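Engineer: no FASTA, just this:
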């Protein structure tokens, strides 16, 4: 078994154990007082992760310089092409 496969098996086992413990904590009557926290903590973590992703996207958009307008890019390319075409025409005339 390779190192990656062993790590994958370890992750699989951990996820199965956590899923069983979460389900037992949610539905068994012995954990009556913990049911709120069993639901509230994953919801809170998921909400904060979604907000962090939104903040990261906003920060990236705010700090990234705007791209050059497309007209300027095509204008420069067009001029270069026309200059190259003129050079080729001069060569063919000679």
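Structural biologist: Looks like it came in fine. Since the model is a prediction, treat every value here as computed from it, not as a measurement.

Engineer: pLDDT weak spots in the protein?
Structural biologist: 72-94 (pLDDT under 70).

Engineer: How is it partitioned into domains?
Structural biologist: Residue ranges of the domains in the chain are recorded as 1-63, 67-94, according to automatic domain parsing.

Engineer: Now tabulate these in TSV and tack on mean neighbour count.
Structural biologist: The C-beta positions use only the backbone N, C-alpha and C, and glycine is treated the same way. Converted to TSV, the domains of the chain look like this (neighbours: other C-beta atoms under 10 Å):
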stretch	mean neighbour count
domain 1-63	10
domain 67-94	9
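
Engineer: before we move on, which element is the residue positioned nearest the centre of the chain in?
Structural biologist: Closest residue to the average C-alpha location of the chain: residue 53 at 8.3 Å, with C-alpha atoms, centre = their mean. In this structure, residue 53 is located in helix 35-63 according to DSSP states H and E.

Engineer: elements contacting that helix?
Structural biologist: Using 3 or more C-beta pairs under 8 Å, 6 or more residues apart in numbering; DSSP states H and E as the contact criterion, the elements in contact with helix 35-63 are helix 3-27.

Engineer: any idea how far residue 65 is from residue 33?
Structural biologist: Taking C-beta to C-beta, to the nearest Å as the measure, residue 65 and residue 33 are separated by 54 Å.
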